[in-house]
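Engineer: sequence first, predicted model second:
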Number of protein chains: 2
Amino acid sequence: MTLDVMMESPLVGDVAGNLRVLVGRLLRALQAQDPEDGLSMSKVSVLSRLADDGPASASTLASAERVRPQSMSATLAALEAEGLVARRPHPTDRRQILIELTEQGWQTARSARRSREDWLTRVLESEYDQEELRLLSRAIELLERLAER
Amino acid sequence: MTLDVMMESPLVGDVAGNLRVLVGRLLRALQAQDPEDGLSMSKVSVLSRLADDGPASASTLASAERVRPQSMSATLAALEAEGLVARRPHPTDRRQILIELTEQGWQTARSARRSREDWLTRVLESEYDQEELRLLSRAIELLERLAER
DNA sequence: TATTGTTATACTCTATAACTATA
DNA sequence: TATAGTTATAGAGTATAACAATA
């Protein structure tokens, strides 16, 4: 125990290397399954954030999602074309445009995040017991902190 | 406790929804930082697998990494051009070409998985204590099972 | 016929560069 | 000048389609 702290434990190096590889593989595993709603992860991520945090400007979304404003601009144009988000002027700053979920956007955000029937849910249910799911749930909280850095 | 098991616990639905969004965000966080060795996650993933499992054919790698054979073909061509993998004929099946790590490929695979200097390692070190790192390490094992599905 | 692998081509996501409008 | 947003263009990764060689 004390030893772990005293010596430079290899744990952090392992976690880093394995996590990097894991994220790529999980991405492809999730993309391979999951045609379901026809939405890319980038789009779901933006919808999800708008649902959590409320309306936001394009540049706020861009930095939160760690993409360039130009990239977010493209994503938002696509979401708008699909009727999932709408734009309204910022009350005081006329440069900004606030992005908000449409009613359909709300429904999509909800169903994308909580669809209990999709592949991932079924796999989690069959692959892990309750204790492992609780561990995963805690790990996800920890990793969300990481994703914000 | 018993209640968790008896009622359809919302835990699995939460994990599923949050995990999907998390993976996308982690991907971009990792890609934003981490130019370091100049290798994409896809490439590191292939090198990593070759290091773990030994030489393999292109089609084996493709299904293991969940990409189409055509996509793996492109990835392998790039890795070969960088001198990290080499090809040798399959001993019995002349259709197949076995892919193996070169000496430089071995070094790169090792350092990519255990690099103690990169952004991710530093963030992990500063952001998490030893207990949290152990939890992450266990979670990564669990999620690797998921990535293979 | 089925399998392994490649080349040709296109799509998605994200990047950089250059621009307009507003603060 | 600095900030918010857009359009134009390019690169990486992966997909589908069509093909050649071998089983």
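Structural biologist: All right, it came through fine. Numbers count the residues shown, from 1 in each chain, chains lettered A, B, ... in the order given.

Engineer: contact partners of stretch A:84-102?
Structural biologist: Contacts with stretch A:84-102, where a contact means Cβ atoms under 8 Å, 6 or more residues apart in numbering or on different chains, come from A:43, A:46-47, A:50-51, A:54-59, A:61, A:76, A:79-80, A:83, A:104-105, A:108-109. The C-beta positions use only the backbone N, C-alpha and C, and glycine is treated the same way.

Engineer: and DNA strand D, which of these contact it?
Structural biologist: A:S57, A:A58, A:S59, A:L76 (Cβ under 7 Å from any atom of the strand).

Engineer: who touches the second one in this structure?
Structural biologist: Going by Cβ under 8 Å, 6+ apart, A:A58 touches A:P69, A:M72, A:S73, A:L76, A:Q96, A:I97, A:I99.

Engineer: let's see 6 Å
Structural biologist: A:M72, A:L76 (Cβ atoms under 6 Å, 6 or more residues apart in numbering or on different chains).

Engineer: what do you get for the first one?
Structural biologist: Going by Cβ under 6 Å, 6+ apart, A:S57 touches A:Q96.

Engineer: mind checking how far it is from B:H90?
Structural biologist: Separation of A:S57 from B:H90 (Cβ to Cβ, to the nearest Å): 56 Å.

Engineer: find the nearest non-adjacent residue to the spatially most central residue of chain A, please.
Structural biologist: In chain A, the C-alpha nearest the mean C-alpha coordinate belongs to A:S45, at 4.0 Å (Cα atoms, centre = their mean). Leaving aside its sequence neighbours, A:S45 sits nearest to B:G24 (Cβ to Cβ, 6 or more residues apart in numbering or on different chains; 4.9 Å).

Engineer: ok, now how distant is that neighbour from DNA strand D?
Structural biologist: Distance, B:G24 to DNA strand D, by Cβ to the nearest atom of the strand, to the nearest Å: 14 Å.

Engineer: likewise for A:D93?
Structural biologist: Distance of A:D93 to DNA strand D, given as Cβ to the nearest atom of the strand: 7 Å.

Engineer: hmm, back to that, where does the residue nearest to the centre of chain A land in three-state SS?
Structural biologist: At A:S45 the chain is in helix, as set by DSSP: H, G, I helix; E, B strand; the rest coil.

Engineer: so it makes contact with B:L22?
Structural biologist: No - under the criterion of Cβ atoms under 6 Å, A:S45 is not in contact with B:L22, lying 9.1 Å apart.

Engineer: name the element the residue nearest to A:S45 belongs to?
Structural biologist: Element membership for B:G24 (DSSP states H and E) is helix B:11-32.

Engineer: contact partners of that helix?
Structural biologist: Counting by Cβ under 6 Å, 6+ apart, A:23, A:26-27, A:41, A:45, A:48, A:66, A:113-114, A:116, A:120-121, A:124-125, A:133, A:136-137, A:140, A:143, A:147 sit against helix B:11-32.

Engineer: I'd like the distance between the nearest residue to A:P69 once chain neighbours are set aside and DNA strand D.
Structural biologist: Residue nearest to A:P69 in three dimensions, not counting chain neighbours: A:A62, with 4.6 Å by Cβ to Cβ, 6+ apart. Distance check for A:A62 against DNA strand D: by Cβ to the nearest atom of the strand, it reads 7 Å.

Engineer: what about A:A62, neighbour count?
Structural biologist: Number of residues near A:A62 (other Cβ atoms under 10 Å in any protein chain shown) recorded here: 20.

Engineer: do A:Y128 as well
Structural biologist: Residues lying near A:Y128 (other Cβ under 10 Å) number 19.

Engineer: kindly report the same for A:E80.
Structural biologist: 15.
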